[in-house]
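Trainee: let's see this in three dimensions:
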Amino acid sequence: MFLGTHEPRLDEKGRLILPAKFRDELASGLVITKGQERCLYVFPATEFQTITEQLRQTPLTAKGARDYMRVMFAGAHDEIPDKQGRVTIPSGLRDYAGLEKECVVIGANTRVEIWDSQSWRTYLADREKNFADVSEEVFPGLF
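Mentor: Numbering: from 1, shown residues only. So this is what the prediction gives:
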């Protein structure tokens, strides 16, 4: 499980140092791809394989699923972090997420998300009020 918020920077080669607490789970391989709200999703390779198997169950006749899978898989990049815990984020993915230098890396349960720092602050400011006001109808019986 990935938890927490970290603020690494991209270097001049488009590399990002993964937070130390995430490195063990990602050391054997990861997949970076486009996520919702213009962030990047980072999955351990094994989790990405599980998602791939679930998506294979979707009928090819489902246009929305085809569209989603095309964008997700076409933008996906697999990698093994180097000894310093760095991964290279391809320019197409950096452009998609608006990543330049200042980044925010968050733990999001089964995945890691990489955000442009300003985009994350804007997103969080907009969503925290809704989070505080969540009612039982959203997650019945959970709280």
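
Trainee: mind listing what the residue nearest the centre of the chain touches?
Mentor: Central residue of the chain (CA atoms, centre = their mean): Y41, 1.7 Å from the mean position. With contact taken as CB atoms under 8 Å, 6 or more residues apart in numbering, Y41 is in contact with I32, T33, K34, G35, R111, V112, E113. Just so you know, the C-beta spots here come from the backbone N, C-alpha and C atoms, and that holds for glycine as well.

Trainee: if we go to 10 Å?
Mentor: 31-35, 47-48, 51, 72, 75-76, 108, 110-114 (CB atoms under 10 Å, 6 or more residues apart in numbering).

Trainee: and those, which are buried?
Mentor: 31-35, 47-48, 51, 72, 75-76, 111-114 (16 or more other CB atoms under 10 Å).

Trainee: filter the contacts of Y41 down to the ones in strands?
Mentor: Of the contacts of Y41, the ones assigned to strands by DSSP state E are V31, I32, T33, K34, A108, R111, V112, E113, I114.

Trainee: which of those residues lies closest to D67?
Mentor: K34 (12.3 Å; CB to CB).

Trainee: please report how far the closest one lies from R23.
Mentor: 23 Å (CB to CB, to the nearest Å).

Trainee: which residues touch the longest helix seen in the chain?
Mentor: Longest helix in the chain by number of residues, with DSSP state H as the criterion: helix 117-132. Contacts to helix 117-132, defined as CB under 10 Å, 6+ apart, come from residues 5, 7, 9, 37-39, 97-106, 113-116, 138.

Trainee: if anything else comes up later, I'll come back, but that's it for now.
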